[in-house]
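S.K.: Can you look at this prediction? I've put the sequence above it.
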Amino acid sequence: MNKLGHEMHELCKKLFPICRSITGDGLRQSLSILNLNLPNMELYEVPTGTKCFDWEVPEEWNINNAYIIDPTGKKICDFKKSNLHVVGYSHPINKKVSLQELQDNLYSLPDQPDAIPYITSYYKKRWGFCLKHNERKNLQYGDYQVFIDSELKDGSLTYGEIIIPGKTEKEIFLSTYLCHPSMANNELSGPVVTTFLGKWLSERENHYTYRIIFIPETIGSITYLSKNLAEMQKNIIAGFNVSCVGDERAYSYLPSRTGDTLSDRAALHVLKNRYPGYISYSYRDRGSDERQYCSPGVNLPVCSIMRTKYGCYPEYHTSLDDMSLVTPNGLYGGYEAIRQTIETIERNETLRATVPCEPQLGKRGLYPTISSKTSSIQVKDMMNILAYADGNFDMISLAELTGKPLWELTPIIKTLKEEGLLEEVKR
Amino acid sequence: MNKLGHEMHELCKKLFPICRSITGDGLRQSLSILNLNLPNMELYEVPTGTKCFDWEVPEEWNINNAYIIDPTGKKICDFKKSNLHVVGYSHPINKKVSLQELQDNLYSLPDQPDAIPYITSYYKKRWGFCLKHNERKNLQYGDYQVFIDSELKDGSLTYGEIIIPGKTEKEIFLSTYLCHPSMANNELSGPVVTTFLGKWLSERENHYTYRIIFIPETIGSITYLSKNLAEMQKNIIAGFNVSCVGDERAYSYLPSRTGDTLSDRAALHVLKNRYPGYISYSYRDRGSDERQYCSPGVNLPVCSIMRTKYGCYPEYHTSLDDMSLVTPNGLYGGYEAIRQTIETIERNETLRATVPCEPQLGKRGLYPTISSKTSSIQVKDMMNILAYADGNFDMISLAELTGKPLWELTPIIKTLKEEGLLEEVKR
Amino acid sequence: MNKLGHEMHELCKKLFPICRSITGDGLRQSLSILNLNLPNMELYEVPTGTKCFDWEVPEEWNINNAYIIDPTGKKICDFKKSNLHVVGYSHPINKKVSLQELQDNLYSLPDQPDAIPYITSYYKKRWGFCLKHNERKNLQYGDYQVFIDSELKDGSLTYGEIIIPGKTEKEIFLSTYLCHPSMANNELSGPVVTTFLGKWLSERENHYTYRIIFIPETIGSITYLSKNLAEMQKNIIAGFNVSCVGDERAYSYLPSRTGDTLSDRAALHVLKNRYPGYISYSYRDRGSDERQYCSPGVNLPVCSIMRTKYGCYPEYHTSLDDMSLVTPNGLYGGYEAIRQTIETIERNETLRATVPCEPQLGKRGLYPTISSKTSSIQVKDMMNILAYADGNFDMISLAELTGKPLWELTPIIKTLKEEGLLEEVKR
């Protein structure tokens, strides 16, 4: 079995039980665990009340325990059994309420009666519990003791950042989010695959500089952008939002807003050649941090390569999105699709033939010395590269023009560069 | 039933019996009747012999009576019964002719033997009569008395013009023609619908200035252009030739020469969203005053929204194009399609989001405070507008990108502008 | 029967027996025969060793005789019977070899056992014979006397060039190759059709200057380019590689590298309108001198119009490509397709209407004086030309916009220019 896939799966399992939110100790603890794998990660704390464009960093939320005692004295909606039972950012409470008042603060899914839904109320103070609809239907008339041992206070929003320098200041950007409690495909697959991409990138020589961030979704990306926008707009030439990369059902592509950036072209080249059954979404189906990265005032070239997309699988945002959904093979597939796309961009030179006309390949041992009907077919890819390399096409375009994946052309291009017949013109 | 449709139908009926041509008293009388509905219309007279580019204004033609007395003494081709019986611009005549000489001056339609054709000879002096082919077949050998009491003389070409000032000097242009005798869809539907569009525009506050003209076809538009070309090229941002807008069979679109002007984009947006069964023609199917407005040296952004297009219905240019073909519903449909297109252009701002990233809609009461699986779907249109409003797209483009008609986005845009989250960048 | 086709066929037959190669007396003799038909052709000799970009002119090769004596004393692979029996550029040899050593120097086609293949080894010194696979299978064990009376020496590469001056220095370029021994469609059809195109061009007044060259393939075009590149890049506005234009099976089109040059547009206009069953290839299917002309550092607008394309017919590069494959009708069809394409470019003006609006055609006798339902249909092409001639479209575009072939519009355009209603704006 796949070693890397198993390592990623183990890391998911370690993170799974922690109760994360957009701020707080669960988020800090999760980042610390990732930090063990990526020692060059730096952690940042942004204080409550910090202005971030149209937003501000909210109060920090922490929770120790929560449950309900029903009229018969039974403990239900026990936070210790599933952290999804509590509405995220619930304020503390400890009081007796009627069934009717309780119902106003319960959330369940009639269409998925055995799933606990994932619900939050970050920006309006509330308390609430989530439970299986089948359980809710059996609640008896009477008084309920509701207990939430949580805290909302001035604190900070935590995020992690790694910069891996390359030969150029131009950057490839990876962003993943870490703010959901116990859910697996959305979200733990994202930060875990990103962690392993960071490890791979840290161990090789890269042409580009890499900026990799682990943030809470929405408020985290907005906070990060508000601190780094000018530099990011100056340097980032491609970027990927890493989310939902752990199940085995599908490969999915969600474009950037304009749909024609280098990120999009590289992602599509890999998907078409390696995973031709992939599902292609529209930017109108967006739903993660590309909403910020591709917004009109930010306009970064960010798209997403996923396994099954958020919102498109039944377990999404419920307790059913658990560690049985995410597999070593699923994680490894998500990792590989993004890794290959990054490698495609690393290799994506723009090439120019150095001599007018075809070069004499025969004298270099690169062309059959006997000329027959089929001579040129044997060296067709080499001849095609030389025929199209006019300094206007990058290798992705050249690969698509010649109908071959870029990685099959790479060794030929290496040879031709060594022979002085091709040169890189710019990037 | 539809009040406006009935008013338009009544006006058609009043105009129907008048014998119009490209000059003369029938045209003047018709314009006077429209003037009652549009008091701000100005009438112009352009003298015979006035040079208009490659053309000149012809002699004025008027007619009082015409008929033929057959060998048995019976009156046929009686102008009093149908003004289509006389070839337009026939010179006066009163003489006895043989059946053979008469035949050389008769026009009928073998394929439509019960229709009187509409025939003119504006630029070569002739006399002639039009009749049903079934009637013609029964003409007996013998002498015929032909009588046409008409006059050709130095006079003038008459046209009407209304300018309705708006907030900007930039203009939307409406042109309709008035030069055919008793025919209903082509032509009375055009000037009548245009009159009611003029009334509607006179009673509201407009962003654009409106230039509306009632002219004889071809020579009228050439004459008008020769007097106003520079100003029109400077100000007109969109225009429509209004013709054949009174029957109930179809909606039709004939593009401008280039096919990509603001007029075309607005017309297609309305037709696709409101009248999806519309027929799309090519500019090669043109046949009315867009031939002048879109000509290489003029190059105005003029297209046509019609009901059944001229030349594409069997009654066209015959006595069968009468008031049974044009209906209150037909006229109202033609009026509405053009009115909505004008309104679409009036509302067609170019928008830019004012803050980087998504704004925090929740604190403005514009976003659900509980975040669940379906939160973002409830505000999808609002989120899409903010996501695409980068200052490069006008609202028609934005509507087409988001898959919604512009008029459904208008109230959302109003809200976002009031919140300071969107701004208009130019027009 | 077709006189021109027969003349071309006779010329092919005269050239057929000569043993040509990329250098040598066979090439010189063939060029002399063509020179009789084109007295203004100049012949050039480029010495062995001359540097041409990445290449150099090779030694000159001549051959008098060659054969093998088999163990029974029988003469086989007799050069006097077919010059294809000897591998091109074989060095001289006269020795006894075993069957095994002989086999290492034999070439045959198991899939086409009755065809002698065409094999060369220009840039690696070898000797070799080609024969039918059926003959090879019968070779007996024993010793074979191999005899090749050839010579490799410092000499020169020969080519022919004609410049036919026109009204402008801008050039149309025709290139054809002459380097194959006895083969008919590939290659003799090319130089013979080009010779007759040269005769036709020499006898008429041309707008463009014509540069026509007869060269050995690959090394010849590279040599010619290395001497004339700057001038060619400055002047050539269209060009055609003339090859495989003699059989009756197909018409074929191979685009230039970019596919959108004037050559491509004219070729496609002729093929679509005259030979709609033509086969369209991709530039990736290239295989002749367009490889040099369209290479990134050269970048000339050269495409190919062929009958059955090289590599796409079973007889290609074997003894079966003989004078039974190439016919008078086949040659005439190839000649006509290219001649019409040249004529299309000669006629391809860019036009502008001289007056705003439609001109009054009636007063010039160009429009029906009686206006009825069908008046405008009778002059539809004329009206379309005037409607689109805005100075931005050349006549090929205008013809494609109006759905008519250019040559049907030519007389109408002539009339409109005489009337002063159209003018040429540039070329």
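M.R.: Nice, thanks for sending it over.

S.K.: got a list of contacts for stretch A:392-406?
M.R.: Under the contact criterion Cβ atoms under 8 Å, 6 or more residues apart in numbering or on different chains, stretch A:392-406 has outside partners A:265-266, A:269, A:273-274, A:344, A:347-351, A:381, A:384-385, A:388-389, A:409, A:413, A:427, C:284. The C-beta positions use only the backbone N, C-alpha and C, and glycine is treated the same way.

S.K.: Can I get that stretch in CSV? Just the C-alpha atoms.
M.R.: C-alpha atoms of stretch A:392-406 as CSV (Å, rounded to 0.1, in the frame of the first residue of the first chain):
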residue,chain,number,x,y,z
ASN,A,392,5.6,32.8,-27.9
PHE,A,393,4.4,29.6,-26.4
ASP,A,394,5.1,28.3,-23.0
MET,A,395,5.5,24.5,-22.6
ILE,A,396,1.9,24.0,-21.6
SER,A,397,0.8,25.5,-24.8
LEU,A,398,3.4,23.7,-26.8
ALA,A,399,2.4,20.4,-25.1
GLU,A,400,-1.3,21.0,-26.0
LEU,A,401,-0.4,22.0,-29.6
THR,A,402,1.6,18.8,-30.1
GLY,A,403,-1.0,16.7,-28.3
LYS,A,404,1.4,15.3,-25.7
PRO,A,405,1.6,15.8,-21.9
LEU,A,406,4.3,18.2,-20.9
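
S.K.: what's the burial count for A:R364?
M.R.: When neighbours are counted by other Cβ atoms under 10 Å in any protein chain shown, A:R364 registers 15.

S.K.: The residue nearest to it when sequence neighbours are not counted - how many residues pack around it?
M.R.: Distance criterion Cβ to Cβ, 6 or more residues apart in numbering or on different chains; nearest residue to A:R364, sequence neighbours excluded, is A:E419 at 5.6 Å. Neighbour count of A:E419, defined by other Cβ under 10 Å: 14.

S.K.: distance of A:E419 from chain C?
M.R.: 10 Å (Cβ to the nearest Cβ, to the nearest Å).

S.K.: and that residue, what does it touch?
M.R.: A:P359, A:R364, A:L366.

S.K.: hmm, try it at 10 Å
M.R.: A:T354, A:P359, A:L361, A:R364, A:G365, A:L366 (Cβ atoms under 10 Å, 6 or more residues apart in numbering or on different chains).

S.K.: Including secondary structure, could those residues go into a markdown table?
M.R.: What follows is the contacts of A:E419, written out as a markdown table (DSSP: H, G, I helix; E, B strand; the rest coil):
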| residue | secondary structure |
| --- | --- |
| A:T354 | coil |
| A:P359 | coil |
| A:L361 | coil |
| A:R364 | helix |
| A:G365 | coil |
| A:L366 | coil |
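
S.K.: Make JSON lines from those residues and add pLDDT to it.
M.R.: Listed next are those as JSON lines, based on pLDDT from 0 to 100:
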{"residue": "A:T354", "pLDDT": "96"}
{"residue": "A:P359", "pLDDT": "97"}
{"residue": "A:L361", "pLDDT": "94"}
{"residue": "A:R364", "pLDDT": "94"}
{"residue": "A:G365", "pLDDT": "92"}
{"residue": "A:L366", "pLDDT": "92"}
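
S.K.: what helix or strand does A:N241 sit in?
M.R.: strand A:236-242 (DSSP states H and E).

S.K.: list the helices and strands the helix or strand following that strand packs on?
M.R.: Note on strand A:236-242: by DSSP H and E, the next helix or strand toward the C-terminus is strand A:252-254. Taking 3 or more Cβ pairs under 10 Å, 6 or more residues apart in numbering or on different chains; DSSP states H and E as contact, the helices and strands that strand A:252-254 lies on are helix A:262-274, strand A:279-280, strand A:302-306.
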